[in-house]
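In: here is the input, now give the coordinates:
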Amino acid sequence: MLTVAEVLDLVPQRPPFRFIDEILEIDEEHAVGQYTYRHDEFFYAGHFPARPITPGVILVETMAQSAHALLIYLLGLEKTALEIRKLTGAGTHVAGDFEREVLPGETVRARAEKVFWRGHKLKSKVELSLTDGTLVAHGTIGGFAAV
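Out: From the prediction side, this is the model:
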């Protein structure tokens, strides 16, 4: 079984496109990642410069990275970290709704709950909330890992 630190290290995205600062919870059923959108993020300069907001695609990516952490954790029940590093992950579908904008400086928590897991394919119910529990976005995300 992988540790939280190992799972986070195996998430393939790196700055400036890593949108998980830490993993708060992870087990066979769910993962919760947390991220603070810093004022100097590369996308704010051109995304409504007079009143920057976090692009929806970045919010989806934050949820997807938490779901990917769950996928990695589940793979870790069967494989070593070295074996997991040799796999390529890919998204298969995203569906969701946005409830609120996210501003520079705000911290979010992305929760991914396993809907199904088989054949290295994961479908997750995802939610993105502010740390006070205010819902930002929700939906489903699917993906897989393969050689």
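In: what's the distance between the residue located most distally from the centre of the chain and Y44?
Out: Largest separation from the mean C-alpha position in the chain: A50, at 27.9 Å (Cα atoms, centre = their mean). Distance of A50 to Y44, given as Cβ to Cβ, to the nearest Å: 11 Å. Backbone N, C-alpha and C define where each C-beta goes, glycine included.
In: who's in contact with E6?
Out: 76, 81 (Cβ atoms under 8 Å, 6 or more residues apart in numbering).
In: how about E83, secondary structure?
Out: helix (DSSP: H, G, I helix; E, B strand; the rest coil).
In: show me what contacts it?
Out: Per Cβ under 8 Å, 6+ apart, neighbours of E83: none.
In: L10 reaches L82, doesn't it?
Out: No - L10 is beyond contact range of L82, at 10.2 Å (criterion: Cβ atoms under 8 Å).
In: those two: which has the busier surroundings?
Out: Of the pair L10 and L82, L10 is the one with more neighbours under other Cβ atoms under 10 Å, namely 20 against 7.
In: so for M1, what's the pLDDT?
Out: At M1, the model reports a pLDDT of 88.
In: let me redo that: L130
Out: For L130, pLDDT reads 98.
In: then A81?
Out: Here, the pLDDT recorded for A81 equals 95.
In: report how many residues lie close to it.
Out: If you count neighbours by other Cβ under 10 Å, A81 ends up with 15.
In: quick check: it vs H138, distance?
Out: Using Cβ to Cβ, A81 is found at 31 Å from H138.
In: helix or strand for the closest residue to F42 other than its chain neighbours, which one?
Out: Excluding the flanking residues, the one nearest F42 by Cβ to Cβ, 6 or more residues apart in numbering is P16, at 5.3 Å. In the assignment (DSSP states H and E), P16 maps to no helix and no strand.
In: neighbours of P16, how many?
Out: P16, neighbours per other Cβ under 10 Å, totals 11.
In: just F144 next, same as before
Out: 16.
In: and if you look at L128?
Out: Quick note: L128 (other Cβ under 10 Å) scores 26 neighbours.
In: quick check: it touching A112?
Out: No - at 10.0 Å, L128 does not count as touching A112 under the criterion of Cβ under 8 Å.
In: nice, that's everything, thank you.
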